[in-house]
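Undergrad: Here is my input, please return the structure:
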Amino acid sequence: MAQFDVYRNPSKTSRKHFPYLVDIQSPVISEIATRIVIPLGNADLFNNEKMNKLTPEITYDDENLLLLTPQISTIPSKLLTKPIGSLAHFREQIIGSLDFAITGI
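TA: Numbering: from 1, shown residues only. I've put the predicted structure just below:
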């Protein structure tokens, strides 16, 4: 599993709003049974929650999505089976959103 890999949301109940999950966990932490993820939400469904620093807009697979940093979570590693892409090119925005969530800067 690589940092910033994108996975389809394995939850059928939340997939409509959160179609993808981004694995943000450092590769140094690989011995635990969970991964730290941030959901990507369909931007059209979250208009009131857009905050550029906290929930940056990301285009992935021709979809406008929001990185929903306030909804950071963990998921069992075994549920993240096959990555479908990577957001490594959005590394700065992802880390910036985490920094803003923690420090407000």
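
Undergrad: In the sheet, which strands lie alongside the strand ranked longest in the chain, parallel or antiparallel?
TA: If you go by DSSP state E, the chain has its longest strand at strand 34-42. Next to strand 34-42 in the sheet, as set by DSSP bridges, lie strand 20-23 (antiparallel), strand 63-67 (antiparallel), strand 73-76 (antiparallel).

Undergrad: Please identify the most buried of those strands.
TA: strand 20-23 (a mean of 24; mean count of other C-beta atoms under 10 Å). (C-beta placed from N, C-alpha, C; glycine too.)

Undergrad: that older thread, so which of the strands paired with strand 34-42 gets nearest A2?
TA: For the strands paired with strand 34-42, proximity to A2 was assessed by C-beta to C-beta; strand 20-23 is nearest, at 7.3 Å.

Undergrad: What's the mean pLDDT across the closest one?
TA: Averaged across strand 20-23, pLDDT comes to 98.

Undergrad: Now do it: everything it contacts.
TA: 1-9, 35-40, 60, 65, 67, 75, 80, 83-84, 87, 94 (C-beta atoms under 8 Å, 6 or more residues apart in numbering).

Undergrad: can you check stretch 58-70 too?
TA: Around stretch 58-70, the neighbours that count as contacts under C-beta under 8 Å, 6+ apart are 6, 18-20, 22, 38-44, 46, 49-50, 54-57, 84-85, 87, 90, 93-94, 97-98, 100-101.
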